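>>> no sequence for this one, just the structure:
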């Protein structure tokens, strides 16, 4: 005999809120538990590209920790914003944010959706990597300190731009 869904959930995932009341039947007092069921009616899609169906056509969606990303992917919340451009200091920056997973709400994921901020995040990561390489490497530390102190070397490095690695040249240089 199969149990109801409420009893299965009660056994496998006990609810955090348990409402009980005492029922007096004759001289005996019996404790009864009321199931807590919450229904939420909300438009969580933000500014969707496709308009949502009419209210009558919408159905209840059961959300729990196991299917949260799946439900979020179906709802596909989206924001289309115009925010002050504090990077350049003039005008506004058009930002479109899409959230199809819970992890997309983390600051790094939001930054990754804005191209200019994503570049800054990449530079930040490169600086962290450089700091990691500098840790305990006195020779590299002295070389970088020399470049920073010598303004002419710094100027020539700026003019050269970022170094491009050539895998073919590395392969030729390695002894076989």
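Perfect, I can see it now. Predicted model, so just to flag it, every value in this text is computed and none were measured. Numbering: from 1, shown residues only.
>>> Now do the contacts for the most centrally placed residue in the chain.
Here the mean C-alpha position of the chain is nearest to the C-alpha of residue 104 (CA atoms, centre = their mean), at a distance of 2.7 Å. Residue 104 makes contacts with 98, 110, 113, as judged by CB atoms under 8 Å, 6 or more residues apart in numbering. C-beta here means a position set from N, CA and C on the backbone, and glycine is covered the same way.
>>> Could you save these as CSV and add columns showing pLDDT and neighbour count?
As requested, the contacts of residue 104 are exported to CSV (pLDDT from 0 to 100; neighbours: other CB atoms under 10 Å):
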residue, pLDDT, neighbour count
98, 94, 14
110, 94, 15
113, 94, 15
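>>> what's the helix or strand for residue 80?
Using DSSP states H and E, residue 80 maps to strand 78-84.
>>> counting contacts, what elements does that strand pack onto?
Using 3 or more CB pairs under 8 Å, 6 or more residues apart in numbering; DSSP states H and E as the contact test, the elements touching strand 78-84 are strand 92-98.
>>> all strands in this protein, in order from the N-terminus.
Counting by DSSP state E, one finds strands in the chain at the ranges 19-25, 28-34, 78-84, 92-98.
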